[in-house]
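K.L.:
3D, please:
(one chain, ligands or ions: 2)
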Amino acid sequence: MPKFSANLSFLYQDLPFLDRFAAAARDGFGALEYLGPYAEPKEKVADALKASGLKQALFNVPSGDWAGGERGIACLPDRVEEFRAGISLALDYAKVLDCRQVNVISGLVPEGADLEMLEKVLVGNLKNAAARCADAGIKLLIEPINLRDIPGFFLSSTAHAERILEKAGSDNLYIQYDFYHMQIMQGDLIPTFVRLKEKIAHVQIADNPGRGEPGTGEINYGFTLSELDRLGYDGWVGCEYRPKAGTREGLGWMKPYLT
Ligand SMILES: O=C(O)C(=O)[C@@H](O)CO
Ligand SMILES: [Mg+2]
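P.N.:
Ligands and ions are numbered 1, 2, ... in the order given. This is a model prediction of the structure:
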C-alpha cells in the first residue's frame, strides 16, 4: 500500500505553517514534506512534528531568494559558499527532525551562461554535499522540474539527472521523481521509473494539466500507484498538488488507500 506524505508548501494553505502538521495527521497522512522549514526555529518545527505523530519525509536545502524568483543556487558559480552554508543548515534541521533525505533545487540558467560551467559547478556542489550528507546518514536528492512552470530551469529531464549522477560518482546521490513534471517533459512514466528505480529515493504526485489532485487530469494514478506497489517502492509518495477546492475536500482520491 502506498504511504503518503503531505507537502505543506502546497496543501493546507489556509492554515499557518505549523498548524498544517496536525491537519495532515488528522487527514490520514503518514509523513510531511515542504520546500523549507527555515523560517521557523528548528526546535519549534520539531515540537509540531512530534505533536503530530508524523514522520519528516523530506525538505529542500536552502534555495536562494525564492520569493524574489530564484529557484535554487546549486548550479551558480558565484553562490558556492552560500550553497555549502545551506547544506550545513539543512543538516542541522534534518538531524533534529530525524529526516533521512533532503532535496536540492538546481537553479535557473543565467542569461548567456556557459552550460558546461554550470554543470561543473552543480556536480562539484553535489559531490561535496552528498559526502557530507552521507556522514550524517541522510540521502541527497536532485529533482528534474518541467520548463513550462519554471522556464530556464537547469535540470529538466531524467536523462540529465542520470548524467549528473554519473559525473558526481556518489552512491549517496539520488533522484526525486515528480510524476507531474515528468508527464509534462517526457511521459513514459512507469517504464522510466522502472529503469531508474534504484536511483529514485522519493516520488511526488499531482495531475496534469493544472497540478491538481490525482484524478483531476490525464495521469492514471490508479495504475501508477499500484505499479509503484507492485515494483516494491516502499518510500513516501509526496502529495505535491494544488487542491482544486480545499485540501480536505479534495482528499477523496486517497480514501481507498487508507486502512
Ligand atoms: O516544485 C516541485 O516540484 C518541488 O518539488 C519543489 O520542491 C521545488 O520547486
Ligand atoms: Mg516536486
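
K.L.:
just want the residue of the stretch 151-259 of the chain that's nearest ligand 1.
P.N.:
D178 (4.7 Å; Cβ to the nearest ligand atom). For glycine as for every other residue, the C-beta is placed from the backbone atoms N, C-alpha and C.

K.L.:
who's the nearest residue to that residue once chain neighbours are set aside bridged to?
P.N.:
Of all residues not flanking D178 in the chain, Q204 sits nearest, at 4.2 Å (Cβ to Cβ, 6 or more residues apart in numbering). Note on Q204: beta-bridge partners D178, G238, judged by DSSP bridges.

K.L.:
residues contacting Q204?
P.N.:
Going by Cβ atoms under 8 Å, 6 or more residues apart in numbering, Q204 touches 7, 176-180, 237-240.

K.L.:
and the gap between it and C239?
P.N.:
From Q204 across to C239, the span is 8 Å (Cβ to Cβ, to the nearest Å).

K.L.:
what touches both of those two?
P.N.:
Common neighbours of Q204 and C239 (Cβ under 8 Å, 6+ apart) are N7.

K.L.:
what's around N103, how many residues?
P.N.:
27 (other Cβ atoms under 10 Å).

K.L.:
CA atoms only: put the strand or helix carrying it into CSV for me.
P.N.:
Per DSSP states H and E, N103 falls inside strand 101-104. The C-alpha trace of strand 101-104 is given here as CSV (Å, rounded to 0.1, in the frame of the first residue of the first chain):
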residue,chain,number,x,y,z
GLN,A,101,16.6,12.8,2.9
VAL,A,102,17.0,16.4,1.6
ASN,A,103,16.4,17.7,-2.0
VAL,A,104,18.5,20.1,-4.0
